[in-house]
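fold the stuff below for me.
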Amino acid sequence: QRTARGMACRCGLVLTMLACLILPTSQFEQARKKDKTTTPKYSDKKAAPKVKPNVQTRTPKKKTRKPTETYMDDGVLTYTMEHSLDGKTFTKRSELTVKFSRGKNAGEISFEEYTFDKETAQQFRELVDSGGYYRVRVYPKGVPGDDNAVPMASVKACSLEMSNFLEALTLHVDIYGNLVALDYKTPFHICGRPKKKVSQGTSVRSKGRISAPLEGKKPDLTKLVLAENKGPPPKTFFQKYWMYMLIAGLVFLTTSGGG
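Numbers count the residues shown, from 1 in each chain. Next up is the predicted model:
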């Protein structure tokens, strides 16, 4: 009877150890966290903090850069506008002034009026009859324009004549205010009988606007760096030594049964 009781006690001890090993570690962690959150412990020397009801705390706001801000500085720039009446060579047409406004992330464009003379009116008339395209390009004043680097755009010459020589330009700049692209449009895109044909003294009416990009939101790398430095969570006592405990229990059970 004593031997049977001893064997039963040893079997119960081994089963208890195996149950502790089989029980998921997450349950121990959850129970430990729950005890910490629900039952805070305070030392005898230091009393528990008193919580005042209906008290709202305000956290200071972080100073962040507005998404509408760019690196484009306030100022006035002058651009040279050239046009091509034969599709090959460019000649100076006029100048335009751009006043940048960093706060509004935009700018205002002032155009110098252009009027056809007798020679350019004849060239434009020939361009319309041949179904050619009227080309313009814009670059900063004083900077020699390179054919491969200067923004250029074009419309059909007849569409400009059909629009009563009303044109619309959009200057696309980067966050530093550098001109990178040009849009050139007219109200009418089809050709027909114009109300007014080009002649000496015909003026071009120009409108324009500035298109500047917004500064994108910068990624927060602080959380990523902290996660890399933190590493994996530490192992518990049972995760480290469960194999040794299992072997010791089996050896103890075997030797006791042999005796």
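
what about the nearest residue to residue 203 once chain neighbours are set aside, neighbour count?
Nearest residue to residue 203, sequence neighbours excluded (CB to CB, 6 or more residues apart in numbering): residue 115, at 4.8 Å. No exception for glycine: its C-beta is placed from N, CA and C like everyone else's. For residue 115, the count of nearby residues is 12 (other CB atoms under 10 Å).

next up, the contacts around the closest residue to residue 109 other than its chain neighbours.
Using CB to CB, 6+ apart and skipping residues adjacent in sequence, the residue nearest residue 109 is residue 208, 3.9 Å away. Residue 208 is in contact with 96, 109, 111, 168-171, counting by CB atoms under 8 Å, 6 or more residues apart in numbering.

helices of the stretch 101-250 of the chain, start to end?
Secondary structure of the stretch 101-250 of the chain (DSSP state H, counting those that start in this stretch): helices at 118-129, 157-162, 222-230, 237-258.

possible to save those as CSV with distance to residue 175, mean neighbour count and mean pLDDT?
Formatted as CSV, the helices of the stretch 101-250 of the chain follow (distance: least, CB to CB, whole Å; neighbours: other CB atoms under 10 Å; pLDDT from 0 to 100):
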stretch, distance to residue 175, mean neighbour count, mean pLDDT
helix 118-129, 37, 16, 93
helix 157-162, 32, 23, 93
helix 222-230, 24, 9, 68
helix 237-258, 53, 12, 76
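
can you list those helices in a markdown table and add distance to residue 183?
Shown next, in a markdown table, are the helices of the stretch 101-250 of the chain (distance: least, CB to CB, whole Å):
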| stretch | distance to residue 183 |
| --- | --- |
| helix 118-129 | 21 |
| helix 157-162 | 15 |
| helix 222-230 | 40 |
| helix 237-258 | 65 |
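
residue 85 is nearest to which of these?
Residue 85 sits nearest to helix 118-129 of all the helices of the stretch 101-250 of the chain, at 4.0 Å, using CB to CB.

re the thing from before, check the residue nearest to residue 109 and give its pLDDT.
Looking at residue 208, its pLDDT is 90.

from residue 169, how far out is it?
Applying CB to CB, to the nearest Å, the value for residue 208 to residue 169 is 4 Å.

anything in contact with each of these two?
Residues touching both residue 208 and residue 169 by CB under 8 Å, 6+ apart: residue 109.

before we move on, the earlier item: quick one, what contacts the residue nearest to residue 203?
Residue 115 touches 201-204, counting by CB under 8 Å, 6+ apart.

list just the nearest of the residues you listed to residue 121.
Among these, residue 202 lies closest to residue 121 (CB to CB), at 6.5 Å.

tell me if I'm right that that closest one and residue 114 touch.
No. Contact criterion CB atoms under 8 Å: residue 202 and residue 114 do not qualify, at 9.6 Å.

just the strands in this protein please.
Using DSSP state E, the strands assigned to the chain run over residues 75-84, 91-101, 106-111, 114-115, 133-140, 152-156, 166-173, 179-185, 203-211.

can I get those in a markdown table with distance to residue 242?
Formatted as a markdown table, those follow (distance: least, CB to CB, whole Å):
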| stretch | distance to residue 242 |
| --- | --- |
| strand 75-84 | 72 |
| strand 91-101 | 69 |
| strand 106-111 | 68 |
| strand 114-115 | 88 |
| strand 133-140 | 74 |
| strand 152-156 | 74 |
| strand 166-173 | 66 |
| strand 179-185 | 65 |
| strand 203-211 | 66 |
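
most tightly packed of those?
Most buried of these by mean neighbour count (mean count of other CB atoms under 10 Å) is strand 133-140; its value is a mean of 20.
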